[in-house]
Every structure is written in C-alpha cells, then in structure tokens.
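K.L.:
pasting a predicted model and its sequence here:
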Amino acid sequence: MNIMQNSNLPASLRLLFNNPFLEMMNVLLVINAFSKRSGLNIRHILFYYSVAVSDIELPSLEKNENKYDSLDNENIYFDIQRQIKNILINLYSQNYISISQEKNDNYMCSITTEGKEIVAQLESSYFKKMQEKINLIKEQIKYSVEAEKFIMGVKK
C-alpha cells in the first residue's frame, strides 16, 4: 500500500510525488522520439526514460563519469523499472501505443496515431523542456549494455 495515498496530504502535494499522467506522458515522449518502424523494446524505454528524468549530465554518461551521487540515479532506474509495465499498460489501454511480441519474449512498443496526437497537444513548458532533453539524449546517447550498467549503478 502506498503511504502517499493514505496520508492526509493535499492532492497537489501527492501529485507532486505520484503523478501517473506525468509519467505516462514522459514515457510517451521517449517512445515517440526513439521508436522506429519496429518499435522500441522495454529495456531501451526504461534506459532512455531513466536518463531523461535523472540529473545525469549527458557528456558524463557517455564518458562513464558520474559527477552526481550514483545512488540517486540507481534509485531512479529501479523505481522506474518497477513502474514501467504499468505505465506501458496504461498507454496501451488508452491506445497511445501498440505492443508487439517478438520471438524471444521481447516486447516492442510503437506510438500510434492517437499517441502522436497527444504528444502534439502537450504544450506546457515542462513537456517542452522534457522534449528538448529527450532530443539531446537522442543525439548524444546510444543505448549500450555498458551505459545501462552505468545508469543502474553496476558499473562506475
């Protein structure tokens, strides 16, 4: 049971720490930016989303340098890992993404027309900044097992 849901905190404060819509839209932005024809697998979504919401400076990730406390970034990665399937199911149930299974139980997620329309409607400054950061990540970071281990805190 989530402590934040059972407390007497105001809704605005609870939403600051637990905002499923915000998480869904952030993941949708990642899928939109990185998805190719075949889609983007869940492991890559998890990696790119973790980088997008972390405080890691992009050049430090490429060089495997961590100027920040790696524990914070590890916590972000593993917290998102616990939530990613629910986020993807919610996006799928809203018909914002499609999910297909490949031979090796690897699931690929692709943005749908409805998902692209939602992304186009995200006009707040928060989402514009997130989109800019995701575009920088796309230009500067390529997924690799080593980079994934780094963001997980396994390789420092």
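P.N.:
Arrived safely. The shown structure was predicted, so the numbers you read here are calculated from the model rather than taken from an experiment.

K.L.:
neighbours around the closest residue to Arg43 other than its chain neighbours, how many?
P.N.:
Nearest non-adjacent residue to Arg43, counting by Cβ to Cβ, 6 or more residues apart in numbering: Glu148, 7.5 Å away. To be clear about C-beta, it is placed using only N, CA and C from the backbone, and glycine gets the same treatment. If you count neighbours by other Cβ atoms under 10 Å, Glu148 ends up with 18.

K.L.:
wait, Glu148 touches Ile45, no?
P.N.:
No - judged on Cβ atoms under 8 Å, Glu148 makes no contact with Ile45 at a distance of 11.9 Å.

K.L.:
do I have it right that Gly153 meets Ile76?
P.N.:
No - using Cβ under 8 Å, Gly153 is not in contact with Ile76, being 9.9 Å away.

K.L.:
where exactly do the strands run in this structure?
P.N.:
40-41, 97-101, 107-111 (DSSP state E).

K.L.:
would you reformat those strands as TSV and include mean pLDDT?
P.N.:
Below are the strands of the chain laid out as TSV (pLDDT from 0 to 100):
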stretch	mean pLDDT
strand 40-41	92
strand 97-101	92
strand 107-111	93
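
K.L.:
what about those strands, which gets the closest to Met24?
P.N.:
Closest to Met24 of the strands of the chain, according to Cβ to Cβ: strand 97-101, at 9.8 Å.

K.L.:
what's next to the closest one, contact-wise?
P.N.:
Residues from elsewhere that reach strand 97-101 (Cβ atoms under 8 Å, 6 or more residues apart in numbering): 28, 31, 39, 88, 91-92, 107-112, 115.
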